[in-house]
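J.: pasting the structure only:
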């Protein structure tokens, strides 16, 4: 969890005009954080009065989706296949 908060703080420091949610979204993107970690960090880092309970649930779902984005590139083989001798 500390790494998520650290990532959030680094992004927020570099982009002071960004909203806290945008900083958190950039911090979780592709990092595969658990739903519990994201939810706890959302509650800790985002102002409670900024979003309603229904909105909060939707935003956390979106953050979980961002956190677990599948890879778009394929892993390359370490060794190329050799042509068979026939």
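T.: Alright, I've got the coordinates. Given the structure is predicted, the values throughout are model-derived calculations rather than measurements.
J.: What sits closest to the spatially most central residue of the chain if chain neighbours are left out?
T.: Central residue of the chain (Cα atoms, centre = their mean): residue 28, 1.6 Å from the mean position. What sits nearest to residue 28 in space, not counting adjacent residues and going by Cβ to Cβ, 6 or more residues apart in numbering, is residue 67, at 4.3 Å. Every residue, glycine included, has its C-beta placed from N, CA and C.
J.: these two touch, right, that neighbour and residue 26?
T.: No - applying Cβ atoms under 8 Å as the test, residue 67 and residue 26 come out as separate, 11.1 Å apart.
J.: buried set for stretch 47-67?
T.: Of all the residues in stretch 47-67, those buried under the rule 16 or more other Cβ atoms under 10 Å are 51, 56, 59, 60, 63, 64, 66, 67.
J.: Residues in contact with it: which ones?
T.: With contact meaning Cβ atoms under 8 Å, 6 or more residues apart in numbering, stretch 47-67 is reached by 20-21, 24-25, 28-33, 35, 38-39, 42.
J.: Cool, thanks, signing off.
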